[in-house]
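K.L.:
Provided below for reference: sequence and predicted model.
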Amino acid sequence: MDRKRLWTGLGIAVLCGLFLAMFVNYEIRKASIPAPVIVMKQIVVAAGPLPLGTVLTSKDLRVIPWPSGAPVANMFSRVEDCENRALITSVVLNEPILESKLAPTAAGGGLAATIPEGMRAISASVNDVVAVAGFVTPGAMVDVLATGATKDSGNVTKTVLENVRVLAANQRIESLNGRPQNVAVITLLVTPEDAAKVVMASNSGKIQLALRNTIDSAAANPAPVLQASIYALDAAPPTEHHYVPPAPKATPPPPMAVDVISGSKRETKTFANPDKSKEESNGPQAESH
């Protein structure tokens, strides 16, 4: 019995030794495999926060290492390729400078560089009410409503433009972190046809801006609102009519019979009996003398 236990323990020890030897051998082989070499390349990034419309110079840019196996579409590897081009969006520190963030070469800087081809920037005078209490800031999306007089229907308010981007408020092309600001002029990004609508609405009537969520781009196409529909008086309630049954017709009195005696001849004649109700309604008649 003791010899059986001895052989059992010896077998377990041999198995444990073999397992430990295999584990050590695996770790040694793994440690001897060299780590993969990551090939790096250069990518151009912003050297600091840069506002929209900035014309880039070498001081605004720098290069940092970037894994070549994970390239970014339209990235730049040389600072020289980005110089003298304007940003069409704001960037932060170490943000990669991409082709999609730059205006075309020789497009200039400032607001003009942010206008895509085929679009126009149109400005309109506003007040605190029109500018939604100062919350219409650069980057906001608005609807443009126009109020004017028509020849036949009086005043009418109509939504002439929907989902229009605000490029600038006064001379600012960047928002103040969502804070309201008093503005006298707003600049909208529109098509050439829509630019004509804004000018016509501003000169022939009044415009009003309706602020909308930037992710709400669905067209509502609201119907025009006539002034008469706002100030129309409510119709008078219909008069209640109660059924009144007609008065029963009076039964005519029986005719009067009169005996007429002429000599020896006697004759009975009948005459229509006068309506006493009419006589009573007419009142007593004065006797003539």
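P.N.:
That came in fine, so what should we check first? Residues are numbered from 1 along each chain as shown.

K.L.:
quick one: contacts for the spatially most central residue of the chain?
P.N.:
Residue closest to the average C-alpha location in the chain (Cα atoms, centre = their mean): Arg212, at 4.3 Å. Residues near Arg212 by Cβ atoms under 8 Å, 6 or more residues apart in numbering: 141-143, 163. Where C-beta positions appear, they are placed from N, C-alpha and C, glycine not excepted.

K.L.:
how near is Asp259 to Lys269?
P.N.:
8 Å (Cβ to Cβ, to the nearest Å).

K.L.:
Val92 reaches Pro51, doesn't it?
P.N.:
No. Counting by Cβ atoms under 8 Å, Val92 stays clear of Pro51, with 10.7 Å between them.

K.L.:
could you name the helices and strands sitting against the top strand by length along the chain?
P.N.:
Using DSSP state E, we find that the single longest strand of the chain is strand 154-169. Helices and strands touching strand 154-169, as assessed by 3 or more Cβ pairs under 8 Å, 6 or more residues apart in numbering; DSSP states H and E, comprise strand 120-125, strand 141-150, strand 185-190, helix 192-204, strand 206-212, strand 225-226, helix 227-231.

K.L.:
average pLDDT across that strand?
P.N.:
Average pLDDT, strand 154-169: 89.

K.L.:
centre of the chain to it, how far?
P.N.:
How far strand 154-169 lies from its chain's middle: 12 Å, per Cα atoms, centre = their mean, to the nearest Å.

K.L.:
same thing with stretch 185-203?
P.N.:
Centroid separation for stretch 185-203 versus its chain: 19 Å, with Cα atoms, centre = their mean.

K.L.:
contacting residues around that stretch?
P.N.:
111, 115, 118-126, 131, 136, 142, 144, 146, 148, 160-161, 164-170, 207, 209.

K.L.:
ChimeraX command for the buried members of these?
P.N.:
Here is the ChimeraX command that selects the buried residues among the contacts of stretch 185-203 (16 or more other Cβ atoms under 10 Å):
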select :111,115,120,122,124,126,131,136,142,144,146,160,161,164,165,166,167,168,169,207,209
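
K.L.:
about what we covered before: most tightly packed of the helices and strands packed on strand 154-169?
P.N.:
Mean neighbour count (mean count of other Cβ atoms under 10 Å) peaks for strand 185-190 among the helices and strands packed on strand 154-169, with a mean of 20.
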